[in-house]
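> I would like to see how this sequence folds:
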Amino acid sequence: MSLSIAIAQFNGTVGDLAGNCKAIVAMADRAHAQGATVLLTPELALTGYPPEDLLLRPAFLQACNAALHQLAHSLAQYPDLTVVVGHPHVPGHQADVRTPSTQQPLRWNAASVLRRGHVEATYGKLELPNYQVFDERRYFARAGEPVVFEAGGVRFGVNICEDAWFAEAPRRAREAGAQVLLVLNASPFHLGKSGEREAIMRTRCQETGMALAFAHGVGGQDELVFDGGSFVMDADGRVQARAPQFDEALLSVTLDDAGLPQPGSLATVQCLHAQAWGALVTGTRDYVQKNGFPGVLIGLSGGVDSALVLAIAVDALGPQRVRTVMMPSPYTADISWIDAREMAQGLGVRYDEMPITPMFDAFRTTLHPLLTVRKDDTTEENLQARIRGTLMMALSNNTGWMVLTTGNKSEMATGYATLYGDMAGGFAVIKDVRKTLVWELASWRNAVAAQQGLAPVIPERIITRPPSAELRPDQTDQDSLPPYALLDAILERYMENDQSPQEMLAAGLPADAVAQVLRLIKMNEYKRRQAPPGVRITHRAFGRDWRYPITSHWLESVSAVAPQGQQDAGRIG
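The predicted model follows:
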């Protein structure tokens, strides 16, 4: 006799206990209609992931406990369906039990087995990640006592996310009699992560001889994106079924009497450019919609960064919920107006123009008597950006629509942005996209349009023009920064992969450029701390992944041998 298991890959919202329970019941209804015996949900499906310091509120934990039991009651209408649900758990169900050392409740990151209206068993996570974006040791205590239950003649063991990245928890489940390992996950996306997950899970299958079902969430939560792609592997680690990425899905697989999964629906893994695009669209859409904004505002410049943000926003929200504004200054080239207008019209979004020259002249006239340096410098450049930021925020106040900022990761790293100017806004869509990837994604999106028989989304001239902030005559980005290919190579090695200056020099990167970029990264920490949140697509993003002090006299020496204690005073600029 065979049985069917189903994986509920759905887009939960942190703190929406009622909405998340409703989504689980809806998935259970579909799974029951398809004849499933077991339904598996993602990690902390009840609360959404990550709930962060909500977990420190006793009232929240009490509400979670009540919601879990109400969910069990709601699922009693499916007496032949066993549902495994992720949720926070306080052993003993006492949300006010506190440990002497922390004066906080003893909490587990847990998964409970719900059947016939009851909570039959609860598993507590063993491995608690505390790196990159993870802070689980702040909230949870280790547990790990095996939970194995029988359904349809097959014995299922339960693990939660990080548990299965190591050998101990799966081994415990196997020794407790499990034939199939159920893994609940909330594994934040970064480029290449889907391949890493499948490779690690393949190893677990081969070590234990168990088949494995991997339930993953989908959707955006603040800066994090969850990319779906839930899957089922046989005992040899071969993927027998896979859900699509960046979409909700119910993935069903049949098991034979020995618990071996049979081939099922197998979605393909997207290329890296498609994954990056999917993450940026998903993160933008969910941040806007889950926070209740009716639409977004974008300041168009005629450059590739704002063009890319516009294309992402339209894919995420549709043209009716996107509005663009062009704010030319005395240094704006005619082709910038033309290209910005052409793109906005091509995508069907509202486009307005507000020249800032009169305001710029008024500011300069007012400031002139007080300025110690009478020659134009960054003061006048930043004035233009801040006038634009003020106008965009005024429109945001008036309409209720949120401003999307357009700075990329290369600019955020080096401070090539203006506080309260182009950094003013609610969400920074491409803050984790290096400039070289900006160009690649723009070309990729046009190629997708061409395959669909459509006109380019981003006018080609926008992609091929030399980048310029257009804040002074004949300005280009490379007046102030190394060429972007070189800058991004340094950024990837130093900021994302923690290479030392000596390793970069050994790889052939020029010492003067390395020294310049490292100094700029250090100097501009204060700007990044004031930047809006944005989508994380790499394994190391500014924000949750990057926690360097603003006030610091340490700067690594760029030399063959780094002197111990090398210091540099730096400055705030």
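> What is the least confident helix or strand in the chain?
Across the helices and strands of the chain, mean confidence by mean pLDDT, DSSP states H and E is lowest for helix 334-347: a mean of 88.
> Quick check: next helix or strand after it?
Under the assignment DSSP states H and E, the closest C-terminal helix or strand after helix 334-347 is strand 350-353.
> now that next one, how far from the centre of its chain.
Averaging C-alpha coordinates over strand 350-353 and over its chain gives two centres that are 30 Å apart (Cα atoms, centre = their mean, to the nearest Å).
> can you offset everything so residue one is 59?
Got it, the first residue is 59 from now on, which makes the last one we talked about strand 408-411.
> Mind listing what's buried along it?
Residues of strand 408-411 classed as buried: Y409 (neighbour count, 16 or more other Cβ atoms under 10 Å). Yep, even glycine has a C-beta here, placed from its N, CA and C like the rest.
> average pLDDT for that strand?
The predicted model gives strand 408-411 an average pLDDT of 95.
> same check, this time on stretch 374-385
Summarised as a single mean, pLDDT over stretch 374-385 is 96.
> Now do the contacts for the closest residue to H597 other than its chain neighbours.
Nearest non-adjacent residue to H597, counting by Cβ to Cβ, 6 or more residues apart in numbering: H248, 4.4 Å away. Going by Cβ atoms under 8 Å, 6 or more residues apart in numbering, H248 touches R594, I595, T596, H597.
> If we go by neighbour counts, what in the least confident helix or strand of the chain is buried?
Of the residues in helix 392-405, those with enough neighbours to count as buried (16+ other Cβ under 10 Å) are S394, W395, D397, A398, R399, E400, M401, A402, L405.
> With stretch 84-91 instead?
By neighbour count, and taking 16+ other Cβ under 10 Å as the criterion, the buried residues in stretch 84-91 are M85, A86, A89, H90.
> So which of these is the closest to L338?
Using Cβ to Cβ, M85 is the member of the buried residues of stretch 84-91 that lies nearest L338, at 26.4 Å.
> what's the closest one sitting at in phi/psi?
For M85, the backbone dihedrals are phi -70, psi -40 (criterion: degrees, to the nearest 10).
> And it, how far from D373?
Taking Cβ to Cβ, to the nearest Å as the measure, M85 falls 26 Å from D373.
> What of P302?
If you measure P302 against D373 using Cβ to Cβ, the figure is 16 Å.
> Give the other helices and strands that the least confident helix or strand of the chain contacts.
The elements that helix 392-405 packs onto, with contact taken as 3 or more Cβ pairs under 8 Å, 6 or more residues apart in numbering; DSSP states H and E, are strand 354-358, helix 362-375, strand 380-384, strand 408-411, helix 518-522.
> Go through the buried residues of helix 392-405 and name the one nearest N504.
Distances from the buried residues of helix 392-405 to N504 were compared by Cβ to Cβ; the smallest belongs to M401, at 11.3 Å.
> For the closest one, give me its contacts.
When the contact criterion is Cβ under 8 Å, 6+ apart, the partners of M401 are L358, A365, L368, V515, I516, P517, I520.
> ok, of these, which come out buried?
L358, A365, L368, V515, I516, P517, I520.
> With pLDDT as extra columns, can I get those in CSV?
Compiled in CSV, the buried ones among the contacts of M401 are given as follows (pLDDT from 0 to 100):
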residue, pLDDT
L358, 94
A365, 95
L368, 97
V515, 94
I516, 94
P517, 92
I520, 89
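> would you say G483 is within a helix?
No - assessed with DSSP: H, G, I helix; E, B strand; the rest coil, G483 is coil; it does not lie in a helix.
> Need the phi and psi values for it.
On the backbone of G483 - angles per degrees, to the nearest 10 - the values are phi 160, psi -180.
> these two touch, right, it and T448?
No - between G483 and T448 there is no contact under Cβ atoms under 8 Å: 11.9 Å.
> Give me the three-state assignment for the residue in the chain sticking out farthest from the centre.
With distances taken as Cα atoms, centre = their mean, the residue sitting farthest from the centre of the chain turns out to be P427, at 47.1 Å. P427 carries the three-state label helix when classified by three-state DSSP.
> now it: how far from I445?
20 Å.
> Kindly report the same for G278.
Noted for G278: a distance of 31 Å to I445, by Cβ to Cβ.
> In the stretch 209-358 of the chain, what residue spans correspond to strands?
When secondary structure is read from DSSP state E, counting those that start in this stretch, the stretch 209-358 of the chain shows strands at 212-218, 238-243, 269-274, 276-279, 282-285, 289-291, 297-300, 307-313, 354-358.
> For the first one, list the C-alpha coordinates in PDB.
Listed next in PDB are the C-alpha coordinates belonging to strand 212-218 (Å, rounded to 0.1, in the frame of the first residue of the first chain):
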ATOM      1  CA  VAL A 212       5.900   4.500   7.300                       C
ATOM      2  CA  ARG A 213       7.900   5.900  10.200                       C
ATOM      3  CA  PHE A 214       8.800   9.600   9.800                       C
ATOM      4  CA  GLY A 215      11.400  11.500  11.800                       C
ATOM      5  CA  VAL A 216      11.400  15.300  12.200                       C
ATOM      6  CA  ASN A 217      14.300  17.800  11.800                       C
ATOM      7  CA  ILE A 218      14.300  21.600  11.500                       C
END
